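Chemist: The sequence and its predicted three-dimensional model are supplied below.
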Amino acid sequence: MNNPFSKSLRFVILVTGASGIIAQIILIRELMVSFYGNELSIGLVLANWLILEALGSFVLGKTIERAKNKILLLSLFVIIFSLALPVMIYLARIIKNIIGAAPGETLSIPTMFLASFLILLPLSITHGALFTFSCNLFSAYRESEKAVGKVYVLETVGTIVGGIILPYLLIPYFSAFTIVFALGLINFLSLLLLLLTTPSIRLRVICGLLIILFGSLLIARLPERMQDVSISHQWRGHNVIYCRNSIYGNIVVTKQQEQYTFFEDGIPVINTPVPDIAFAEDFVHFSLLAHPNPKKVLIISGAAGGILTEILKHPVAEVDYVELDPLLLKAIEEFPTPVTTQELNDSRVKLIRQDARSFLREHAGKYDLILVNFLSPATLQLNRFFTKEFFALAKKRLESGGILASIGFGSLSYLSEDMKKIILSNWLALKSVFSEVTIIPGDFNLFLASSGGEVNVKPQTFIKRLQQRKIKTNLVTPGYILDRLSEYRLNWFWHCLRQTTDCFKQSGSQAINSDLTPHGVFYNLVYWSSLSTPVLRKFFNFLPSINLFNLSIIFLLLLIIGIFLVNWRFRSKPQKITIPFALFSTGFVGMVLNLTIILSFQSIYGYVYHQISILVTAFILGTALGGYLATTYFEKIKPAISFFLVVELLLILISLICPFVLFRVNIAGSSGKELIFPFLSLLVGFLVGVEFPLANKIYSNRATQSVGLLYGADLAGGFLGAILISIILIPILGILVTCLVVVIFKAVSGGLILIGHFRKAVKTKL
């Protein structure tokens, strides 16, 4: 094949790589909003992306070897990918409409998995097939042995470019639809350049027409209209007047007559000018009446539009209001009401546009009361305010006798087993830090914690303080206080919890909710999944019984089966089983470690919505560097199997080091340590990238015959890792045990290679 064709094919491969990462990141962000801001859905989305890419690479990729017109197939899949991408983004936004879920409603894990699977199906399969197609075409004019490594590196370079420009040059300035229409245009242009070097006149015409179509649609601003229509359908029944993305997430404002509702990642956080008066009064007054003289108060999140008003009714001298996302405060200021204007302009109120945990760590002052306005640890971002680390940080900022007030799920009539586990998880985390923890049950539970003596929640005390402070209320009256704090209600509440508490202790499930062992997130997932898919309740109840010992038994069985296959079924060529299994385990290790780094970043910093692209790109940059070095020095790597074993050992070492680095950052303070996370991703990616071209050399002399199998094995391992880390490894086992699981799995694969290599060496000598 001539030189112009090879240059054009290289460009197509680069654009394919960029297209894949841009599509992946945009869809992750879109689905996070649809999935209630749940970061564990990142694992589910990546799992589906990988398994579908594996199917495309291994199953559809086989067709390229039999096809007579290989250029036609390549062109067809580029066109399908480019046309499907805007459709799938639209579908990602309206998926809740299709399944009948309301905005702000939490979806179950099976629903999230199936929804993302269907949305990614046409994209991931075609993108996976394009890799194998490119390898086959590339090998036609390059030495076959190096074709796979060259394509792997070229596609990865394209992925890096796409991952870098997306968060900095595209997302801040353009809508998702404008980005993907422009991306489709670039795909068609790259394809046309390739077709100009071939005799395929019809394909050139089709490609030219698609370029004209997409260019015209961009000029006519159709993508912007699709943006508005899709948001309108996404928020059916709501009049959306504001929709913006920040580094923390998605902010939406809806208006119904004169009532504004502010949403963060699909979750309603503020209503104004008529707030949820019952909640605001209940939360604020029961918290402040528990303190004899509250002068300095800190309120975390969602205080504008009602809660601040109730706080200011008390004789407070200072109220610090911390809001993580500055864009939310900006939206409140853009749509003012008399209530918010009066609150935010009060001389006692100080607005702090900063992550509350960073503020508590850096701020030297102390408070009489700290109010935490998050209902549940439904996501890792929210879980950061229900962990022992946060409670310990808040405790340091309380005056002697100061009180931390936190809220959680509750009910005045019935507490399900799953709800009780959420309540106990929060209670246990508080008890691990504070000497005194009191729960006031109700439609939501109010947790009051202090280390300066018992929290006085006697009805007579509350009524006396309410009257002394001359506070005017609609709900919190003497009669309401007597009912809410009655002995009957408290006895009923603790009687309901007692049986579940005993079960916690017997099963060992009483592990404390922490930043890097987010049990609270798991219990919330179980709670909502049980409501929507009760048939899976037994399965979710079984999951907490999984531990490192159980998983070690499974890995031991894998080792025994592997030894049998190496010594009998594949005794003449052990690499036929050991190398695909090693790449499967490497895909697993790479995905688990990369997601561990991503989810740890969210747990520590709280803004992974913006950082996803950076961390994923750092991982892919590492794979590019590793793949490039392995490919460049291909001939010099002798014996290849020994070098492969060294890489296996290094993957084990990084798996051991990773959790200790993450724990150190979390404990010592995270400020200024953000670069550690992309560096770890880069290092993991580098080791993963070295293995792939090396595995092709060991497996077969004709690399194009094995690329589909090995690439599919790599992606299938990543699929398993992404699924397990989303529902078992991180939420149940935590970071440390997750990394130990990775160590054991990789030790099994390395051990099988060593056994196979030893057997082959002995046989050769004999």
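Modeler: Here it is on my side, so go on.
Chemist: hey, let's count contacts and neighbours off CA atoms from now on
Modeler: Fine.
Chemist: Tell me the helix or strand right after the worst-scoring helix or strand of the chain on mean pLDDT.
Modeler: Ranked by mean pLDDT, DSSP states H and E, the weakest helix or strand in the chain is helix 63-66, scoring a mean of 73. Using DSSP states H and E, the helix or strand that follows helix 63-66 in sequence is helix 70-99.
Chemist: part of a helix, is residue 251?
Modeler: No - Residue 251: not assigned to a helix; according to DSSP: H, G, I helix; E, B strand; the rest coil it is strand.
Chemist: Tally up the residues packed near it, please.
Modeler: 22 (other Cα atoms under 10 Å).
Chemist: Name all residues that make contact with it.
Modeler: With contact set as Cα atoms under 8 Å, 6 or more residues apart in numbering, residue 251 has these partners: 242-245, 262-266, 327-328.
Chemist: Apply 6 Å and report the result again.
Modeler: 243-244, 263-264 (Cα atoms under 6 Å, 6 or more residues apart in numbering).
Chemist: What residues are bridge-paired with it?
Modeler: Per DSSP bridges, the residues bridged to residue 251 are residue 244, residue 264.
Chemist: Tell me the predicted confidence for it.
Modeler: The model reports residue 251 with a pLDDT of 91.
Chemist: picking that back up, next, the buried residues of the least confident helix or strand of the chain.
Modeler: Residues of helix 63-66 classed as buried under the neighbour-count rule (16 or more other Cα atoms under 10 Å) are 63-64.
Chemist: before we move on, back to that, just the buried residues of the contacts of residue 251.
Modeler: 263-264.
Chemist: export the contacts of residue 251 to a markdown table and tack on pLDDT and distance to residue 88?
Modeler: Listed next are the contacts of residue 251 as a markdown table, based on pLDDT from 0 to 100; distance: Cα to Cα, whole Å:
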| residue | pLDDT | distance to residue 88 |
| --- | --- | --- |
| 243 | 90 | 20 |
| 244 | 88 | 20 |
| 263 | 89 | 23 |
| 264 | 86 | 23 |
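Chemist: Output the contacts of residue 251 in JSON lines; the columns should cover distance to residue 93.
Modeler: Written out in JSON lines, the entries for those read as follows (distance: Cα to Cα, whole Å):
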{"residue": "243", "distance to residue 93": "13"}
{"residue": "244", "distance to residue 93": "14"}
{"residue": "263", "distance to residue 93": "15"}
{"residue": "264", "distance to residue 93": "15"}
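Chemist: of the contacts of residue 251, closest to residue 165?
Modeler: residue 244 (19.2 Å; Cα to Cα).
Chemist: any idea which helix or strand carries the closest residue in space to residue 477 that isn't next to it in sequence?
Modeler: In this structure, residue 477 finds its nearest non-sequential neighbour in residue 463, 7.9 Å apart by Cα to Cα, 6 or more residues apart in numbering. Remark: residue 463 resides in helix 459-468, with elements defined by DSSP H and E.
Chemist: Rounded mean pLDDT for the helix or strand just after that helix, please.
Modeler: Where DSSP H and E defines the elements, the next helix or strand beyond helix 459-468 is helix 478-484. The average of the pLDDT scores along helix 478-484 is 93.
Chemist: gap between helix 478-484 and the chain center?
Modeler: Computed by Cα atoms, centre = their mean, to the nearest Å, the chain-centroid distance of helix 478-484 equals 43 Å.
Chemist: now swap in stretch 389-397 and tell me
Modeler: Centroid separation between stretch 389-397 and its chain, computed with Cα atoms, centre = their mean, is 25 Å.
Chemist: could you dump it to PDB, C-alpha only?
Modeler: The C-alpha coordinates for stretch 389-397 follow below in PDB (Å, rounded to 0.1, in the frame of the first residue of the first chain):
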ATOM      1  CA  GLU A 389     -13.000  11.300  59.300                       C
ATOM      2  CA  PHE A 390     -15.500  14.100  58.800                       C
ATOM      3  CA  PHE A 391     -17.000  13.800  62.200                       C
ATOM      4  CA  ALA A 392     -13.500  13.900  63.800                       C
ATOM      5  CA  LEU A 393     -12.700  17.100  61.800                       C
ATOM      6  CA  ALA A 394     -16.000  18.700  62.900                       C
ATOM      7  CA  LYS A 395     -15.300  17.800  66.500                       C
ATOM      8  CA  LYS A 396     -12.100  19.800  66.500                       C
ATOM      9  CA  ARG A 397     -14.100  22.900  65.400                       C
END
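Chemist: count of neighbours near residue 692?
Modeler: Residue 692 sits with 28 neighbouring residues when counted by other Cα under 10 Å.
Chemist: Residue 564 too?
Modeler: A count of nearby residues for residue 564, using other Cα under 10 Å, gives 13.
Chemist: what's the pLDDT at it?
Modeler: 82.
Chemist: Secondary structure element for it, which one?
Modeler: helix 548-564.
Chemist: For the next helix or strand after that helix, list every residue counted as buried.
Modeler: Downstream of helix 548-564, the first helix or strand assigned by DSSP H and E is helix 575-605. By neighbour count on 16+ other Cα under 10 Å, the buried set for helix 575-605 is 575-605.
Chemist: Stretch 213-224 too?
Modeler: In stretch 213-224, counting by 16+ other Cα under 10 Å, buried: 214-215, 217-218, 222-224.
Chemist: for those, which one is nearest residue 643?
Modeler: residue 214 (48.1 Å).
Chemist: now residue 403, what's its secondary structure?
Modeler: Assignment for residue 403 (three-state DSSP): strand.
Chemist: Can you give the contact residues for stretch 121-140?
Modeler: By Cα under 6 Å, 6+ apart, stretch 121-140 touches 49, 52-53, 56-57, 60-61, 77, 81, 147-148.
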